[in-house]
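[1] Fold the following, please.
(one chain, ligands or ions: 1)
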Amino acid sequence: MVVNDAHASLQKDTVMTDTTAHSALFEPLQIGDLTVPNRVWMAPLTRSRSTAGDNLQTPLHALYYAQRASAGLIVSEATQISQQGQGYAWTPGIFTDEQVESWKLVTDAVHDAGGRIFCQLWHVGAVSHPVFQPDGKAPVSSSAWTPKGEAFVGDRHPDGPTVPHEEARALTREEIDAVVEDYRHAARQAARAGFDGVELHAANGYLIDQFMRSNVNSRDDEFGGSLENRLRFLGMVIDALQEELPANRIGVRLTPIGGAGGSSDEKPEETYPAAAKLLAGRGLAYLHVVRATDHGGADGERSHGDDILQAMRDNFDGVFVANGNLSPEQAARWIEEGRADAVAFGRQFLANPDLPERIAQDGPYNEPDQDTFYGGDAHGYVDYPSLKRPGDPLRAA
Ligand SMILES: Cc1cc2nc3c(=O)[nH]c(=O)nc-3n(C[C@H](O)[C@H](O)[C@H](O)COP(=O)(O)O)c2cc1C
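    Numbers count the residues shown, from 1 in each chain. The predicted structure is shown next:
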């Protein structure tokens with residue numbers, strides 16, 4: 001692919017020595033046998049540009065991710081593990097063989113450009129809509145629960161692109177086991193697709209969070225009530241992933257506060273550090289924690305959420321990745337102060353394909369265009385200029 005060659009040369013002749021105060025971001029990290037060359041990671045970003053119906057990736061996705069291959073690690077956009085797990089229009093899947101083949105375009109392009117990419121494994125639970133469900137019926141969750149807000153159904157519903165959420169139904173015990181098997185299958189598929197690892201999406205109020213959060217989970221069996229019970233599903237999914245992949249190829253994402261559907265927990269300062277503890281001692285690749293309450297992020301250097309992050313870091317024994325409204329300067333400081341080992345950037349990576357190179361030379365930065373975040377075509381996706389391509393010759397690719 002011409003595109004890959006362009007990126008391979010971009011990697012080779014880009015000097016990533018830091019001329020500014022960000023040098024902490026450019027120390028390599030070793031995660032088992034995986035060398036991560038810097039601490040500027042790309043956060044998972046749903047862009048809703050997969051093919052309608054089949055939820056496949058295309059050469060456009062390969063270009064987008066290859067452009068961002070200088071990230072220490074790319075975490076892919078959230079990717080549904082099953083049809084039941086889809087909750088937004090045009091998001092990719094990893095459960096069919098056709099989807100695996102389509103993802104190979106992406107993983108090959110990223111590797112050819114010198115990068116590394118993990119697949120974010122996703123089940124939205126209640127934040128779905130009957131139009132996405134294989135049986136056309138209610139979405140599933142830990143409990144009967146109706147998320148706040150609207151489902152992004154695109155063109156799958158005559159009243160779209162958004163329609164109100166409908167009440168989800170509680171998974172039965174047998175169905176819980178079946179969903180765990182879907183995660184296991186997706187992990188296998190991700191390995192077949194050439195991903196370097198997976199990130200379990202246990203964040204943002206989606207299915208795993210719907211088990212963890214006390215204000216959603218009203219079960220009275222071994223999956224509800226006590227904190228131990230609410231964390232049981234997370235533990236089962238991680239156990240299954242570890243049976244399929246080496247532990248150092250499995251990361252986990254958690255968000256103590258905020259997320260889709262307005263779900264919440266009565267005591268996030270207890271629940272999330274306990275989740276971090278459950279994940280410790282397993283040799284996992286990393287724990288990735290979002291400090292922001294929403295995409296806008298938390299303001300200021302320290303908040304209640306940041307205290308929870310610190311408690312989570314203290315309870316986890318591996319690489320700790322922070323994310324959420326952190327400037328490159330703050331990110332470097334977090335690493336210097338030992339508050340994180342790496343920092344993931346969402347919107348800044350979306351708009352700056354060569355974010356590490358830009359940070360290393362202290363900018364300038366492109367501004368993200370919110371109007372093109374979700375859905376659409378190449379515009380706002382692969383046409384953000386890089387330092388080496390100010391005129392953006394790839395626009396025509
Ligand atoms: C367009 C967009 C799509 C996102 N998609 C995902 C996603 O697929 N999975 C996820 O865990 N978080 C997702 N997020 C949250 C980001 O990963 C990140 O946590 C958030 O943008 C805050 O980080 P930032 O301040 O660096 O942008 C998304 C955010 C945005 C703006």
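[2] How about the residues of the stretch 201-350 of the chain by the ligand?
    For the stretch 201-350 of the chain, the contact set with the ligand under Cβ under 6 Å from any ligand atom comprises 201, 203-204, 253, 290, 292, 295, 297, 323-325, 345-348. Backbone N, C-alpha and C define where each C-beta goes, glycine included.
[3] Who are the contact partners of the spatially most central residue of the chain?
    For the chain, the residue nearest the mean C-alpha position is P44 (3.4 Å; Cα atoms, centre = their mean). Shown in contact with P44 (Cβ atoms under 8 Å, 6 or more residues apart in numbering): 75-78, 120, 199, 201, 253, 346.
[4] now, among those residues, which is nearest to D54?
    Checking these against D54 by Cβ to Cβ gives E77 as the nearest, at 16.0 Å.
[5] picking that back up, show only the entries of the contacts of P44 found in strands.
    75-78, 120, 199, 201, 253 (DSSP state E).
[6] Going by distance to the ligand, which of the residues you listed wins?
    A78 (3.3 Å; Cβ to the nearest ligand atom).
[7] Tell me the bridge partners for the nearest residue to that closest one once chain neighbours are set aside.
    Using Cβ to Cβ, 6 or more residues apart in numbering and skipping the chain neighbours, the partner closest in space to A78 is W122 (3.8 Å). When assigned by DSSP bridges, W122 has beta-bridge partners Q80.
[8] hmm, back to that, is it possible to get a markdown table of the ones in strands among the contacts of P44 that adds neighbour count and pLDDT?
    What follows is those, written out as a markdown table (neighbours: other Cβ atoms under 10 Å; pLDDT from 0 to 100):
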| residue | neighbour count | pLDDT |
| --- | --- | --- |
| V75 | 28 | 98 |
| S76 | 29 | 98 |
| E77 | 22 | 98 |
| A78 | 26 | 98 |
| Q120 | 25 | 98 |
| E199 | 28 | 98 |
| H201 | 28 | 98 |
| R253 | 27 | 98 |
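[9] For the ligand, tell me whether stretch 86-105 is touching it.
    No: using Cβ under 6 Å from any ligand atom, stretch 86-105 stays clear of the ligand, coming no nearer than 7.8 Å.
[10] tell me the mean pLDDT over that stretch?
    Stretch 86-105 shows a mean pLDDT of 98.
[11] residues of it that come out buried?
    By 16 or more other Cβ atoms under 10 Å, the buried positions in stretch 86-105 come out as 86-95, 99-100, 102-105.
[12] same check, this time on stretch 349-363
    349-361.
[13] closest to A340 among these?
    Each of these was checked against A340 using Cβ to Cβ; the closest is I359, at 15.3 Å.
[14] Would you mind measuring from the closest one to Q330?
    12 Å (Cβ to Cβ, to the nearest Å).
[15] And the closest residue to L105 other than its chain neighbours, which helix or strand is it part of?
    Nearest non-adjacent residue to L105, counting by Cβ to Cβ, 6+ apart: A62, 4.3 Å away. A62 belongs to helix 59-67 when assigned by DSSP states H and E.
[16] which stretches of the stretch 151-300 of the chain form strands?
    Using DSSP state E, counting those that start in this stretch, the strands found in the stretch 151-300 of the chain span residues 162-164, 169-170, 197-201, 250-254, 286-290.
[17] Need the ones you listed in a markdown table (columns: distance to S70).
    A markdown table is the format used below for the strands of the stretch 151-300 of the chain (distance: least, Cβ to Cβ, whole Å):
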| stretch | distance to S70 |
| --- | --- |
| strand 162-164 | 35 |
| strand 169-170 | 44 |
| strand 197-201 | 18 |
| strand 250-254 | 19 |
| strand 286-290 | 19 |
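[18] Going by mean pLDDT, which of the ones you listed comes out lowest?
    strand 162-164 (a mean of 94).
[19] packing partners for that strand?
    Under the contact criterion of 3 or more Cβ pairs under 8 Å, 6 or more residues apart in numbering; DSSP states H and E, strand 162-164 touches strand 150-152.
[20] In terms of secondary structure, what does the strand it packs on contact?
    Under the contact criterion of 3+ Cβ pairs under 8 Å, 6+ apart, strand 150-152 touches strand 162-164.
[21] quick one: strands adjacent to the strand it packs on?
    Take DSSP bridges as the rule and strand 162-164 pairs in its sheet with strand 150-152 (antiparallel).
[22] ok, A190 touching W122?
    No: using Cβ atoms under 8 Å, A190 is not in contact with W122; the gap is 11.5 Å.
[23] So between those two, which is more surrounded?
    Remark: of A190 and W122, W122 carries more neighbours, 35 against 30, as counted by other Cβ atoms under 10 Å.
[24] From what I see, that one and T79 are in contact.
    Yes: checked against Cβ under 8 Å, the pair W122 and T79 is within contact range at 5.7 Å.
[25] overlap in contacts of those two?
    Here W122 and T79 have T91 as joint contacts, going by Cβ under 8 Å, 6+ apart.
[26] Local confidence estimate at the residue nearest to L105?
    98.
[27] Report how many residues lie close to it.
    25.
[28] I figured it hits H111, correct?
    No: applying Cβ under 8 Å as the test, A62 and H111 come out as separate, 10.9 Å apart.
[29] Quick check, the residue in the stretch 251-397 of the chain closest to the ligand?
    Counting by Cβ to the nearest ligand atom, the stretch 251-397 of the chain gets nearest the ligand through G346, at 2.8 Å.
[30] For the residue nearest to that residue when sequence neighbours are not counted, give me its contacts.
    Leaving out its chain neighbours, the residue that sits closest to G346 by Cβ to Cβ, 6+ apart is A43, at 3.8 Å. By Cβ under 8 Å, 6+ apart, the contact list for A43 reads 75, 323, 344-346, 349.
[31] From F223, how far off is A43?
    29 Å.
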